[in-house]
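below is the sequence, then the predicted model.
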Amino acid sequence: MQNLPDLSQLDWAKLLSVSFTLVPAVYKYRGVLARVTDVLAEAVGLATLVGGVYVYTRTLPQIQQVAAQLAADPTLVTVERLQTLDQLYFGSVGLMLLGGMLAVFGVIGRISASVAGLRNRPGPPVRRK
């Protein structure tokens, strides 16, 4: 507990000056931040999706083996192991869903930003005679 900073001793003038410096910078670079956020969502989504697939491929064969053992010898250890594998299995399905949704929303954000950029681009100059 002694490593935590004491926020009651925070100088409020410093906090206000940092906020007045940070807010305009965020406002100025909001387009770049939106693109970075979309790319990060894609990367995290794909990593989560791959992690979920990895856990799924490792868990599914073990569930089938433990279920066969449970049919032959229903002991408490086998039941507990099957419950743990079931949690891993459904957790991996959840990871795959979350990763897929993050990746899709990252792609949608990038596409909508590029379409908005095309829409706001000025057209070719018009020549007058």
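Looks like it arrived, so ask away. Numbers count the residues shown, from 1 in each chain.

which stretches of this structure form helices?
Under the criterion DSSP state H, helices of the chain are mapped to 12-28, 30-72, 76-120.

quick check: mean pLDDT of the shortest one?
Taken as a whole, helix 12-28 has an average pLDDT of 79.

burial count for V126?
Neighbours of V126 under the rule other Cβ atoms under 10 Å: 5. Where you see a C-beta, it was placed from the backbone N, CA and C, and this is true even at glycine.

list the contacts of the closest residue to L102 other than its chain neighbours.
Spatial nearest neighbour of L102, excluding adjacent residues (Cβ to Cβ, 6 or more residues apart in numbering): G45 at 2.9 Å. Contact analysis of G45 by Cβ atoms under 8 Å, 6 or more residues apart in numbering lists L98, G99, G100, M101, L102, A103, V104, F105, G106.

what does L46 give?
L46 neighbours (Cβ under 8 Å, 6+ apart): G99, A103.

and it, how far from L102?
8 Å (Cβ to Cβ, to the nearest Å).

L33 too?
17 Å.

looking at the two, which one has more neighbours?
Higher neighbour count among L33 and L102: L102, with 20 against 13, using other Cβ under 10 Å.

could you measure that one against V23, distance?
According to Cβ to Cβ, L102 stands 27 Å off from V23.

circling back to that earlier point, show me which of the contacts of G45 are buried.
L98, G99, L102, A103, G106 (16 or more other Cβ atoms under 10 Å).

closest to S19 out of those residues?
Among the buried ones among the contacts of G45, G106 lies closest to S19 (Cβ to Cβ), at 28.7 Å.

residues contacting the closest one?
Contacts of G106 by Cβ under 8 Å, 6+ apart are D38, V39, L40, A41, E42, A43, G45.

any idea which of those residues is closest to R127?
Closest to R127, out of all of the contacts of G106 and judged by Cβ to Cβ, is D38, at 38.2 Å.

this completes my enquiry, with thanks.
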